[in-house]
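Asker: I would like to see how this sequence folds:
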Amino acid sequence: MENKKAKKRSMAMEVCQRLAKNKMAMLGLAILIVLVLCAVFADVIADYETKVVAQNIANRLKGPSAEHWFGTDEFGRDIFARIIHGSRVSLVVGLISVSVSLIAGGCLGAFAGFYGGKIDNVIMRVMDIFLAVPSTLLAMTIVAALGSSLINVMLAIGISGIPNYARIVRAAVMSVKDQEFVESSRAIGASSMTTIFREIIPNCMAPIIVQVTLSVASAILSTASLSFIGLGVQPPDPEWGAMLSGGRNFLRDAVHLTLFPGLAIVITILALNLLGDGLRDALDPRLKQ
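Answerer: Numbering: from 1, shown residues only. Sure, this is the predicted structure:
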């Protein structure tokens, strides 16, 4: 047991060392750390009631300045403060929706890959039906049916991502279910559930971790898309996609209304993709020196 734990620690250290050598992945990680810190300390950086929600028509459509770093919007609200508080929405929606996809899709994929046969056929045919509908369109349909709210947005994006995780986990489970440690678990009388979640899933984490990182980026983009068309977070709560939607009518006279929220989305998704690519390379044993 101690040798097994030591081996896992050494493998984790090796992955961290390879990841640390990837400068672009480290850049993405640094950006994400800054974003998380901004989300955690958003109330310290900018007061919600006075700078994010309160309207001040006298200050409307002002450009970037020492007082308002990113300028003000059409209601005189500070854009920098709204972007900082909007990062909370994006991160929360991204993490919770991906968690929904991971738990539901992961369990379905694990059962399909482990049991095979009719169970595999039924589960994967249902997933194929979901995959036949574009994920954004599926999320729009769910939100339109349930109503526009943050919880419904998270649920819709989470449901639309289930098929991807089911396919990835199924493939990973099928690649390891016939190995010796699985046979040993069965030989000592472990149940199927114990074998799946204690032996198989921990040995399939590499592709799942990479997919989670990339899925958070996709979830943030989907959230912005839904809010842009009015199906996501509702005013006056700050959300990057909703800020883009509100600023598109002022592109000629006040481009900063769309420039800074757009940059926030681009930088966040770029950072997640850089980290995801770095994790994929670090977790790939074929890239060992």
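Asker: Show me what stretch 92-103 is in contact with.
Answerer: With contact meaning CB atoms under 8 Å, 6 or more residues apart in numbering, stretch 92-103 is reached by 150, 153-155, 157-162, 164-165, 208, 212, 215-217, 219-220, 223. Glycine gets a C-beta too; all of them are placed from N, C-alpha and C.
Asker: buried subset of these?
Answerer: Buried members of the contacts of stretch 92-103, counted by 16 or more other CB atoms under 10 Å: 150, 153-155, 157-162, 164-165, 208, 212, 215-217, 219-220, 223.
Asker: Neighbours of the residue lying closest to residue 234 once chain neighbours are set aside, how many?
Answerer: Leaving out its chain neighbours, the residue that sits closest to residue 234 by CB to CB, 6 or more residues apart in numbering is residue 148, at 5.8 Å. Using other CB atoms under 10 Å, residue 148 has 15 other residues around it.
Asker: where does residue 148 fall, helix, sheet strand or coil?
Answerer: Following DSSP: H, G, I helix; E, B strand; the rest coil, residue 148 is assigned to coil.
Asker: Look up how far residue 265 lies from it.
Answerer: 20 Å (CB to CB, to the nearest Å).
Asker: which non-adjacent residue is nearest residue 150?
Answerer: residue 233 (5.8 Å).
Asker: got the contact list for the one you found?
Answerer: So residue 233 contacts 89, 150, 153, 223, 227, 239, 241-242 (CB under 8 Å, 6+ apart).
Asker: biggest separation within those, which pair?
Answerer: Maximum pairwise distance among the contacts of residue 233 (CB to CB): 12.5 Å, between 150 and 241.
Asker: shared neighbours, those two?
Answerer: Joint contacts of residue 150 and residue 241 (CB under 8 Å, 6+ apart) are 232-233.
Asker: re the thing from before, would you turn the contacts of residue 233 into JSON lines with secondary structure?
Answerer: Shown next, in JSON lines, are the contacts of residue 233 (three-state DSSP):
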{"residue": "89", "secondary structure": "helix"}
{"residue": "150", "secondary structure": "helix"}
{"residue": "153", "secondary structure": "helix"}
{"residue": "223", "secondary structure": "helix"}
{"residue": "227", "secondary structure": "helix"}
{"residue": "239", "secondary structure": "coil"}
{"residue": "241", "secondary structure": "helix"}
{"residue": "242", "secondary structure": "helix"}
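Asker: tell me which element residue 274 is part of?
Answerer: Using DSSP states H and E, residue 274 falls within helix 256-283.
Asker: just to revisit the earlier point, inside helices: which ones of the contacts of stretch 92-103?
Answerer: The helices, defined by DSSP state H, take in 150, 153-155, 157-160, 162, 164-165, 208, 212, 215-217, 219-220, 223 from those.
Asker: Could you pull up the contacting residues of residue 165?
Answerer: The contact partners of residue 165, taken as CB under 8 Å, 6+ apart, are 101-102, 104-106, 109, 208, 211, 215.
Asker: Try it again at 10 Å.
Answerer: Shown in contact with residue 165 (CB atoms under 10 Å, 6 or more residues apart in numbering): 98, 100-110, 127, 208, 211-212, 215.
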